[in-house]
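Colleague: no FASTA, just this:
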């Protein structure tokens with residue numbers, strides 16, 4: 001929280017943002033938690049570590065809306081909206 005993202009924005013854990021390996025900055029992506037079917041739309045503003053095997057890293061606010069803050073991880077699907 002408070003550090004610069006790869007897109008030069010200041011990271012705010014309370015915003016609906018995410019990091020991805022390749023999706024361009026500013027893209028809106030619908031993330032759906034496959035365990036409970038909750039969805040949220042996030043904006044890509046950061047990059048994930050090249051070594052990461054995860055498909056997306058969402059902000060704490062997005063994780064809360066998706067219902068997996070305590071778990072830390074869950075199975076999701078992605079839909080690029082723009």
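Modeller: Nice, thanks for sending it over. All values derive from a computational prediction rather than experimental measurement. Numbering: from 1, shown residues only.
Colleague: And the strand ranked longest in the chain, what's buried?
Modeller: As assigned by DSSP state E, the longest strand anywhere in the chain is strand 39-46. Of the residues in strand 39-46, those buried by neighbour count under the rule 16 or more other Cβ atoms under 10 Å are 40, 42, 43, 44, 45, 46. In short, each C-beta sits where N, CA and C put it, glycine included.
Colleague: Partner strands of it, with direction?
Modeller: Here strand 39-46 is paired, per DSSP bridges, with strand 17-19 (parallel), strand 28-33 (antiparallel).
Colleague: Of those strands, which is nearest residue 76?
Modeller: Residue 76 sits nearest to strand 28-33 of all those, at 5.3 Å, using Cβ to Cβ.
Colleague: Give me the contact list for that closest one.
Modeller: Strand 28-33 has contacts (Cβ atoms under 8 Å, 6 or more residues apart in numbering) with 18, 20, 23, 38-44, 56, 58, 62, 66-68, 74-82.
Colleague: Which among those residues count as buried?
Modeller: 18, 20, 23, 40, 42-44, 56, 58, 62, 66, 68, 74, 76.
Colleague: mind giving me a markdown table with those and columns for distance to residue 29 and pLDDT?
Modeller: Conversion of those to a markdown table gives the following (distance: Cβ to Cβ, whole Å; pLDDT from 0 to 100):
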| residue | distance to residue 29 | pLDDT |
| --- | --- | --- |
| 18 | 7 | 95 |
| 20 | 7 | 95 |
| 23 | 6 | 95 |
| 40 | 9 | 97 |
| 42 | 6 | 97 |
| 43 | 8 | 96 |
| 44 | 6 | 96 |
| 56 | 7 | 95 |
| 58 | 9 | 95 |
| 62 | 10 | 96 |
| 66 | 12 | 96 |
| 68 | 16 | 93 |
| 74 | 16 | 91 |
| 76 | 10 | 95 |
